[in-house]
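Peer 1: Quick one: sequence and predicted model below, then my questions.
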Amino acid sequence: MAETKSLITELPKIIERGKKEAQKILDGISDKNKIILQTNELVLPTKAKGGLNAFFGQSVKEVNEKEMMNRMIYGDNLLTMQALLAGDKQTGMSSMRNKIDLIYIDPPFDSKADYRTKIHLPGTDIEQKPTVIEQFAYSDTWKNGTVSYLEMMVPRLILMRELLSEQGSIYVHIDWHVGHYVKVIMDEIFGKENFQSELTWKRHVMVSSVEGGMFKYPQKADNILIYSKTRNCYFKLPYKLITDKNILKEKFKQLENETGRFFETQPLVLKGNEPSFLKFPEKELKLPKGQRFAWNQKTLNKNLKENPNIIYWTNTGLPRYKKYLDNFEGEPVSNIWEDINPITSKSKESVNYDTQKPGALLKRIISASCPENGIVADFFAGSGTTGAVAEKLGRKWIMSDLGKPACMIMRKRLIDQDAKPFLYQSIGDYQKEQFEKSEFRTIGDLSQVVISLYGALPFSEDGIPANLGYIKNGKTLVYVESPNKLVSYNSLKKAQEWKAQLGFNKVVVLGWNFVADMSNVLIKFKKELDEKQLEILVIPADLLDKLRSKANYDKLIKDGKIKFSSLQYLKIKPIKTKIVGDKEEIDVELDDYILLSPDVLPLDEKNKEALEKVIKEDSLALIEYWSIDPDYDGEIFKSKWQDYRQNTFNDNNPLRVIRKAKLKVPKKKGKRKVCVKAVDVFGFESVAVEEVK
C-alpha cells in the first residue's frame, strides 16, 4: 500500500496523537462508566474425562480466590488494557497496573493478509470471512498504510508500559516492513536507555528456487525488539546445550591437576572503567584507564570461597577465571536465534493457525524474562502459544485477542493440556460508538441505511439519535446498534427506555455482534426487559460488502433481499437425574442446534450452500465446543465438563463432539439448575438452562 505522506515528517505527529489518546484513557480509568471485563465462563478443565460414565472434575473450591486467576479475554486489546488498568471492585479484580512481569506481542504486520478462516465439517470444508468487529479493526489498522498501523500501535504500547512491573520487559515481534519505525516509537515510550536487544529469529529453513529469478534477497527472519520498563529488569541468560563430545573435548581441553577436572578460561578483564581494582590472594591489581574487571570485590571473594582454584593467571600477568566441563550449562544464547524451527502443517504442536509461533520460542523468552510465579501477558494472542507455554512453566498469564476463531482455539488448547482453572472474559460494554464512516457518506449514516433496509423510517425530530427508526403500522421502534459494539443487556435496556419515552408498543433491536451469553441475558432479565415487546434480530455480516456504492444500496432497497435473522439457540433433551450412593447422577444430551440463517453469516454463496447441506443432515455437527455447569448460580457459568471437536478422548471422530454426558456430582437438597453452553464453528454461543429436582 503506497504511503501518501512522508513517514519521517508524520512520525512525531503519530506519537503525539497516540500519547493524547493514551492519556485520555488513563485519565478515565477511574470514571464511573469505565470499561469492565465480564466473565463468560470459569473454565475448570476436564476434557470430558469419564465420558458417559462418570465425572470427577475439579471443584470450584480448588480455585484459590486469593491468587490472580489466568484470563483469556475476547475483545479489542485497547479496551482490554483499559479494563485491566482500571480493575473492578465489584468482581474483586484489582488493577493490573505495574503488575505484569513480561509482555510478548506479535501484532499483525501484513496489510494484504487473508484473515479468512477455514472450517472443516463432515463431508466438506467452508471458509468464513472475519466478523464485522474484526473487519473494522483490520480496515482501521491499514486504511492509510503504515501510518494507520503505527497510530494503532502507539497508545497500546503506552498502556502496556503502564501494566509492566518495575522489573518487567516487553518483547515486540515484528518484521522488516515496520520494525525500524516501531523501534523509534519504543525509544520514545520506553526510553533509549531501556532498549535491551534486538533478536533475529531465523524462521525459514530454506529458500526455494523461483523461476525467472528474484529481485531482492529472500526474507528468512523476523525481528523481536526488547525493552525494559526500568534498568532493574529481570533477566536470566538462556543457554544452548552442546551434545557433540568432540566439540566439548576441544572446548574444555585444559586439565586441573589438583582435582582432575577439565576446564576452559574466560576473561576477567574487559573494556571499561569500573571496577578497576581487585585484591587477589596472590596480589593486588589495578587496571589502566579503559579496562575494568568483570567482577567486583564481593563477587571475587564469593567465588574464591567456593573454589580457591578458580583464578587462572596468564603469562602476561592478567587473571582469567575457570569454567568447568562438569558445571557447563551450555553455550550462552546470543541475539541470533537459528536453532528454533517455525511451525509447519506437519509440526506436532500445530493447531492450524497461520501465525502460530513455536512453543520453544516462547519458552526461551518466558524463561529468560519472567521470574517463577510471575505474570506474562499477550495482547495479540492468536493461537495462544504464550499462555500455553506460560502454563507449563508455572507462570500466570493473560491473553487477549479480537478474533473469535483465535479464542476458540486458545480455549481448546488450554483444556487439552489440562491447564489450571482460568477465566474466559469479554469486554462488558464496548462503549465505542465512533467508527470510520467514509464509505457511507454518499448514502447517509450507516444506522439509517440499516433502518431503511429493514423497512423502517428515520426520525426527523431533533434530539432523537440517528440509530433509531420506526414503523408506523404496529407502533414499532427500531434500534440499530453500532458495528463496533456488542449488543448486551445495556443495549436492550437503552432500547426499552427509548420505547417507553417515545410511546411505542414494541422495539426491534438490530445488532451485528452480541455478548457471548445473550440467550442467558434474555432469560435472566425476561421480566425486566418485557420480552413480549422486544425482538432481537441479527444484521447480515456481509452487508458492509454490499454497501460499497450508492448503486448497490439502491439495488438492495429495490430488491429487498436483505434478511435479518433471529439469534441462534441450543435445544437439549429433558435432563434426567438419579441418586447413586452419596452422588447425584445427571444425564445431559444435546437435542438440536438452530443456527443463524446462512444468509447472515460471513460466507459466499458456495460456502452457504455447503453449510445448508450440513445443517440439513446434522445440525449438531456445527457444535465446536460444549460445556456443562451442573450447579449454575445464575451469575458465573462454571464450566466443569467440556467436550470439543478434535478431542478424541471419548470417540475417534475429530469433526464431531459427543452428544451425551453423564455427570456424577455431590447430592443437593431442593432444585438444581443445570446450564449447558454450546459454541458453534463460527464462534456464536448459546445457552440452555433447565431446573431439575
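Peer 2: Received, thanks.

Peer 1: any idea where the helices of the stretch 301-450 of the chain begin and end?
Peer 2: For the stretch 301-450 of the chain, the helices defined by DSSP state H, counting those that start in this stretch occupy 359-369, 385-392, 404-416, 446-454.

Peer 1: Identify the residues contacting the shortest one?
Peer 2: Counting contacts by CB atoms under 8 Å, 6 or more residues apart in numbering, the residues outside helix 385-392 that touch it are 70, 72, 104, 356-359, 361-363, 366, 370, 376-378, 381, 396-399, 410, 413-414, 417, 419-420. Placement of C-beta: from N, CA and C, glycine included.

Peer 1: For V182, find the nearest of the helices of the stretch 301-450 of the chain.
Peer 2: With CB to CB as the criterion, V182 lies closest to helix 359-369 of the helices of the stretch 301-450 of the chain, at 17.4 Å.

Peer 1: Now do that closest one, average pLDDT.
Peer 2: Confidence for helix 359-369, expressed as mean pLDDT, is 96.

Peer 1: swap in stretch 413-422?
Peer 2: The predicted model gives stretch 413-422 an average pLDDT of 92.

Peer 1: Report the buried residues of that stretch.
Peer 2: Residues of stretch 413-422 classed as buried by neighbour count (16 or more other CB atoms under 10 Å): R413, L414, I415, D416, A419, K420, P421, F422.

Peer 1: now swap in stretch 448-463 and tell me
Peer 2: By 16+ other CB under 10 Å, the buried positions in stretch 448-463 come out as Q448, V449, V450, I451, S452, L453, Y454, A456, P458, F459.

Peer 1: What's the end-to-end length of that stretch?
Peer 2: With CA to CA, to the nearest Å applied, stretch 448-463 spans 15 Å between its terminal residues.

Peer 1: For I539, list the residues it contacts.
Peer 2: The contact partners of I539, taken as CB under 8 Å, 6+ apart, are V450, V480, L510, G511, W512, F564, V600.

Peer 1: Repeat the analysis, applying 6 Å as the threshold.
Peer 2: Remark: with contacts taken as CB atoms under 6 Å, 6 or more residues apart in numbering, I539 is in contact with L510, W512.

Peer 1: and if you look at L79?
Peer 2: So L79 contacts I35, I427 (CB under 6 Å, 6+ apart).

Peer 1: so it, which of the three states?
Peer 2: Here L79 takes the helix state, with states given by DSSP: H, G, I helix; E, B strand; the rest coil.

Peer 1: How much space separates the residue lying closest to I398 once chain neighbours are set aside from V692?
Peer 2: Of all residues not flanking I398 in the chain, A377 sits nearest, at 4.4 Å (CB to CB, 6 or more residues apart in numbering). Here A377 is placed at a distance of 41 Å from V692 (CB to CB, to the nearest Å).

Peer 1: Pick out whichever of the two has more residues nearby.
Peer 2: The residue with more neighbours, out of A377 and V692, is A377; 32 against 14, by other CB atoms under 10 Å.

Peer 1: wait, that one sits on I103?
Peer 2: Yes: applying CB atoms under 6 Å as the test, A377 and I103 come out as touching, 4.9 Å apart.

Peer 1: Roughly how far does the closest residue to S30 other than its chain neighbours sit from I25?
Peer 2: The shortest distance from S30 to any residue that is not its chain neighbour, by CB to CB, 6+ apart, is 7.0 Å, and that residue is A86. For A86, the distance to I25 equals 10 Å [CB to CB].

Peer 1: what does K667 give?
Peer 2: Counting by CB to CB, the separation of K667 from I25 is 49 Å.

Peer 1: again, but for T577
Peer 2: Shown here: T577 relative to I25, a distance of 49 Å by CB to CB.

Peer 1: which of these two has more neighbours?
Peer 2: A direct count of neighbours by other CB under 10 Å for T577 and I25 places I25 higher, at 21 against 17.
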